[in-house]
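Enquirer: Sequence first, then the predicted structure:
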Amino acid sequence: MRTKWWRLILIFSLAINAAVLGVCGYHYYRYTCAAPSAYCPLSPGDRHFYQGLGLSDSQLKRMEPLARTFHARLDKLSRETEKKRELLVNLLSQEEVDSGRIESLRKDMAGTQDQIQREVITHLLDVREILNREQKEYFFLLLRKTMKQENNWFSKQGG
């Protein structure tokens with residue numbers, strides 16, 4: 001009976017070791033065999049969609065000013081949105097709520113959000129013009145995948 005327990009423990013230990021080895025091998029394979037990203041001229045530490053598209057030098061030269069302009073506009077709109085969010089929280093936390101100001105601010109925030117969406121769509125159309133057919137297919141595959149992941153994140157958060 002005692003040897004059966006030792007055998008079970010040994011088999012269990014071997015199974016765990018094999019699983020750990022398999023996971024480590026999988027992660028090693030996944031990260032070493034992934035396609036290398038193209039250098040991002042604007043922010044080397046950040047990840048942009050176009051980094052994994054295999055852009056040529058001429059495409060990168062065309063992409064750089066687009067990305068710089070887009071990110072500058074988006075940063076400005078994001079800062080505006082953040083200020084409006086802070087103002088909204090302040091309005092909501094006041095002892096006496098001013099529904100008119102809150103509604104006006106909500107409409108203003110919706111306008112800013114609409115402007116952000118227009119900027120993103122315009123940027124995607126501009127990027128699309130730079131890419132060849134295969135790059136476009138991969139670009140929009142990545143975009144769909146990212147959007148699906150973001151939607152899943154929001155649905156899992158609750159509240």
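Expert: Yep, that arrived.
Enquirer: Can you give me the domain boundaries for the protein?
Expert: Using automatic domain parsing, the domains assigned to the chain come out as 1-34, 38-157.
Enquirer: which one of those is the most hemmed in?
Expert: Comparing these by mean neighbour count (mean count of other Cβ atoms under 10 Å), domain 38-157 ranks first with a mean of 13. (Each C-beta comes from the backbone N, C-alpha and C, glycine too.)
Enquirer: what about the longest helix in this structure?
Expert: helix 57-93 (DSSP state H).
Enquirer: related to what we said a few turns ago, and the domains of the chain as TSV, adding mean pLDDT?
Expert: Supplementary listing: these in TSV, determined by pLDDT from 0 to 100:
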stretch	mean pLDDT
domain 1-34	77
domain 38-157	83
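Enquirer: centre of the chain versus the longest helix of the chain, how much separation?
Expert: Relative to its chain's centre, helix 57-93 lies at 15 Å (Cα atoms, centre = their mean, to the nearest Å).
Enquirer: tell me what it is packed against?
Expert: helix 99-130 (3 or more Cβ pairs under 8 Å, 6 or more residues apart in numbering; DSSP states H and E).
Enquirer: how far does the helix it packs on sit from the chain's center?
Expert: That offset, for helix 99-130, works out to 18 Å (Cα atoms, centre = their mean).
Enquirer: do stretch 84-96 as well
Expert: On Cα atoms, centre = their mean, the centre of stretch 84-96 falls 29 Å from that of its chain.
Enquirer: so where does the residue sitting nearest the centre point of the chain fall, helix or strand?
Expert: By Cα atoms, centre = their mean, the mean C-alpha position of the chain lies nearest to T146, the distance being 6.1 Å. In this assignment (DSSP states H and E), T146 forms part of helix 133-157.
Enquirer: Could you do A18 as well?
Expert: helix 2-32.
Enquirer: For that helix, what is the distance to the chain centroid?
Expert: 34 Å.
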